[in-house]
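Peer 1: Fold the following for me, if possible:
(one chain, ligands or ions: 2)
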Amino acid sequence: MKIKASIIGASGYTGVELIRLLNAHPNVKLQYLVSENNAGSKVGDIYPHLDTADNYSFSNPDIEAIAKNSDVVFLALPHTKSITAVSKLIEYNCKIIDLSSDFRLKNGANYQKWYQHPAASQSLLDQAVYGIPEINAANIKRATLIANPGCYPTASILGIAPLIKNQLLDIPLNHPLVIDAKSGVSGAGKTPNPHTHFCEVSNNFSAYQAGGIHRHIPEIEQELGILAGKDFTIQFTPHLIPIPRGLMATIYAPVKKNISQTEIIDCYKSFYQHQEFIKINSLPRPDLKTVIGTNNCNISLHLDQRTGYLIIISAIDNLIKGASGQAIQNMNLMFGLPETSGLTQLAIYP
Ligand SMILES: NC(=O)C1=CN([C@@H]2O[C@H](COP(=O)(O)OP(=O)(O)OC[C@H]3O[C@@H](n4cnc5c(N)ncnc54)[C@H](OP(=O)(O)O)[C@@H]3O)[C@@H](O)[C@H]2O)C=CC1
Ligand SMILES: CC(=O)N[C@@H](CCC(=O)OP(=O)(O)O)C(=O)O
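Peer 2: Ligands and ions are numbered 1, 2, ... in the order given. Predicted structure coming up:
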């Protein structure tokens, strides 16, 4: 029996990527591809690259029909737009994987402080499991509602977690850990905004929200704080790079003295033992082409013995490991499938 999967917000960037990946998943049948604006249109007419033999259409059924006829529902809606749908879906017997930030922060009051809009009910926040499979697989397997991580948090948390777990960080008191991150423009979604126009982005490179409160700061601090067992502070600056997809986080981590590059690499390899999507190395020129088109996270480690800093360069495809691929990895765990089912694509090169 195939898993019946529906996607709400199926016409956006992550929704379309879910269609592409789930269409090739051996254990999945696509059920409803929900889009308000494209309901009634053939998927292949709007997105010719998805003109498959199955001839799917976008539709807009009510939530009850979606819930009753689906084993799993992916929500690929903008922030704040998932809360109403999830409040209804949770009454039924389907599993829910939400790609937005609506269920990621555990504390409703903290959520409101950072996101500046009302949080989901505390009981839904309590039920939601943060879906980063390499760290949280046991809880994901038992979950009904997954809060799929943001793209910057995915690259950052995966890059830092082994240092925290092995107590290798040596951060001066009251200093934050510095994360300098860059994303391709699809990270901003399909709806155009003044900063994502071709003329703004092409031949350009920009930082945004420097010194500000990007919504991924509390998300990264929450998850690293859980691993550390105490508050964890980061200094985070995102940048926009003139490419469609790909994301790189460069993390500057002061590490304990007398540890060697080899010991650090061994520690990361042992932490991610059996995790097929995590690639640990010290590539001389870590890049995005190594991961674009894959569900992999490439973590390149470089110890600067002069300063005592470990430079961690964590690269993902924001639409796959940073969103739709990770959502499918979570689905695989929830349904007892191998984590890699439907996700074994290699990178596109050159
Ligand atoms: N892009 C990325 O790299 C990542 C995105 N995410 C998160 O995933 C979610 C989806 O992102 P993404 O696919 O990029 O977003 P898009 O803007 O590309 O797509 C969102 C889709 O939601 C539907 N929608 C329903 N209600 C609204 C509304 N009120 N305003 C706008 N669109 C609406 C739209 O289709 P229609 O109106 O036809 O129903 C649209 O296609 C977001 O919460 C995002 O933050 C997470 C990680 C990475
Ligand atoms: C380039 C760009 O604009 N990126 C988005 C992050 C997208 C993402 O992963 O995260 P969410 O799911 O939390 O939206 C941003 O900085 O807001």
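Peer 1: Around ligand 2, pick out the residues from this structure.
Peer 2: Contact residues (C-beta under 6 Å from any ligand atom) of the chain with ligand 2: 100, 101, 150, 151, 183, 187, 188, 215, 238, 240, 322. Every C-beta, even on glycine, is put in place using the N, C-alpha and C of the backbone.
Peer 1: Most widely separated two among those?
Peer 2: 100 and 240 (20.1 Å; C-beta to C-beta).
Peer 1: gap between the residue of the chain found nearest ligand 1 and residue 89?
Peer 2: Nearest residue of the chain to ligand 1 (C-beta to the nearest ligand atom) works out as residue 12 at 1.8 Å. Counting by C-beta to C-beta, to the nearest Å, the gap from residue 12 to residue 89 is 18 Å.
Peer 1: who has more neighbours, the two?
Peer 2: Using other C-beta atoms under 10 Å as the criterion, residue 12 and residue 89 rank with residue 89 on top: 25 against 19.
Peer 1: State the pLDDT value of the more buried one.
Peer 2: You'll see residue 89 listed with a pLDDT of 98.
Peer 1: Next up, the contacts around residue 87.
Peer 2: 120, 121, 124 (C-beta atoms under 8 Å, 6 or more residues apart in numbering).
Peer 1: Now the first one: closest residue in space, sequence neighbours ignored.
Peer 2: Spelled out, it's residue 120. Of all residues not flanking residue 120 in the chain, residue 83 sits nearest, at 4.7 Å (C-beta to C-beta, 6 or more residues apart in numbering).
Peer 1: Could you report the neighbour count for that neighbour?
Peer 2: Residue 83, neighbours per other C-beta under 10 Å, totals 20.
Peer 1: May I have the residues that are in contact with it?
Peer 2: 102, 120, 124.
Peer 1: buried stuff in stretch 143-152?
Peer 2: 143, 145, 146, 147, 148, 149, 150, 151, 152 (16 or more other C-beta atoms under 10 Å).
Peer 1: Show me where the stretch 201-350 of the chain has its helices.
Peer 2: Under the criterion DSSP state H, counting those that start in this stretch, helices of the stretch 201-350 of the chain are mapped to 216-228, 261-271, 325-334.
Peer 1: Show residues contacting the longest one.
Peer 2: If I follow you right, that is helix 216-228. Taking C-beta under 8 Å, 6+ apart as the rule, helix 216-228 contacts 101, 104-106, 110, 114, 130, 132, 135, 149-150, 152-153, 156-157, 160-161, 164-165, 179, 231-234, 236, 238.
Peer 1: and with 6 Å instead?
Peer 2: Helix 216-228 is contacted from outside by 104-105, 114, 150, 152-153, 156-157, 161, 164, 231-232, 234, 236, using C-beta atoms under 6 Å, 6 or more residues apart in numbering.
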